[in-house]
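K.L.:
just a sequence and a predicted model for now, questions to come.
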Amino acid sequence: MSIWAVLALFLLLLCFKQCEEKVVIEARKKEDKLPVGRAIKCLLMNKYFLMAAFIWMMQCIIQMVTGTVLPYYCKYIFFDDSLFSMLLLLEVVTTIATTVLFCPFLLKKFGKRNMSMIGCAVALIGHLIYCTHPTDFNWVIFSCFIRGVGFAPLNSVIFGFLGDCVEYGQYKFHIRTEGLIFSGGSIGYKLGTGLCGAFITWLMSMSGYVASTTADAVQPQSAIDMIVNIYIFGMIIIWVSLLLVLSIYKLDKEYPAIMEELSRREARGEL
């Protein structure tokens, strides 16, 4: 972990040094330094930022549920925890392949929001089909494959959602806060990681899970049932939540008019 931390720090510093702001707005140069309080207030009033942060949080929770519960699922349902590596590899490869091969074309045809909704719907339908045979390993393979396909569209455009929030914030509040929006969006990632991990731990403890470093620990049926239920119902809640939020996300449709207005303001020397 120390090696990874040092490498990550080096890469972040390199990224910071090499990044150059391409958006130059003359009116922005005339603005006084933006008070922190006003910037945060505008951030919290930016409805599309809140939606994008929630979407990022749900993405993180998907990975947390998969990475935390699926190993237990393989160990206590299929009695072979090594199967998790195969399932994880399948999902990751499927996500990457779908992103590279199909997402660019889907994005041009449907836009970020609609493409993401299609992916979430595919993942939800595939997961519901898997729920009919939750203890069949072949159906778990199917679940991971479908989740990889469905996860790819959303995963490929999350930073596009955040980028659009910058333009919307400028349009709505006459201020432009790229750094605050992108750093604020990462709160969703941190909340998703912390809250989901704590909640899963609490549920497992409540079910009577026997924590042990040995392979011979015998789990009560209540703990086995909880593992299955978290994997089944947790994913349903996540995909349904994403579909609900995406259904009220209208920025893709509003974006062309917003950019036209920002261009007119820039011509007038305004933010």
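P.N.:
Structure received.
K.L.:
what distance do you get for residue 242 to residue 235?
P.N.:
Look at residue 242 and residue 235: by C-beta to C-beta, to the nearest Å, they are 11 Å apart. The C-beta positions use only the backbone N, C-alpha and C, and glycine is treated the same way.
K.L.:
all helices of the stretch 151-271 of the chain, in order?
P.N.:
178-206, 221-247, 251-267 (DSSP state H, counting those that start in this stretch).
K.L.:
same check on the stretch 1-150 of the chain?
P.N.:
Under DSSP H, counting those that start in this stretch, the stretch 1-150 of the chain gives helices at 2-18, 26-30, 36-45, 47-77, 83-101, 103-130, 137-173.
K.L.:
what count of nearby residues applies to residue 155?
P.N.:
Using other C-beta atoms under 10 Å, the number of residues around residue 155 comes to 20.
K.L.:
mind listing what it touches?
P.N.:
59, 95, 99 (C-beta atoms under 8 Å, 6 or more residues apart in numbering).
K.L.:
what bits of the stretch 1-150 of the chain have low per-residue confidence?
P.N.:
26-32 (pLDDT under 70).
K.L.:
save the contacts of residue 155 as CSV, and put in distance to residue 183 and neighbour count too.
P.N.:
Formatted as CSV, the contacts of residue 155 follow (distance: C-beta to C-beta, whole Å; neighbours: other C-beta atoms under 10 Å):
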residue, distance to residue 183, neighbour count
59, 17, 19
95, 25, 20
99, 25, 18
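K.L.:
make TSV out of those residues and add distance to residue 129.
P.N.:
Shown next, in TSV, are the contacts of residue 155 (distance: C-beta to C-beta, whole Å):
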residue	distance to residue 129
59	22
95	19
99	23
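K.L.:
how near is the spatially most central residue of the chain to residue 220?
P.N.:
By C-alpha atoms, centre = their mean, the chain has its centre lying nearest to residue 59, at 2.4 Å. Computed as C-beta to C-beta, the residue 59 to residue 220 distance reads 33 Å.
K.L.:
cool, and residue 203?
P.N.:
From residue 203 to residue 220 the distance is 14 Å (C-beta to C-beta).
K.L.:
so for those two, which sits in the more crowded spot?
P.N.:
Higher neighbour count among residue 203 and residue 220: residue 203, with 17 against 12, using other C-beta under 10 Å.
K.L.:
tabulate the helices of the stretch 1-150 of the chain (CSV), appending distance to residue 262.
P.N.:
Shown next, in CSV, are the helices of the stretch 1-150 of the chain (distance: least, C-beta to C-beta, whole Å):
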stretch, distance to residue 262
helix 2-18, 27
helix 26-30, 10
helix 36-45, 16
helix 47-77, 15
helix 83-101, 30
helix 103-130, 19
helix 137-173, 6
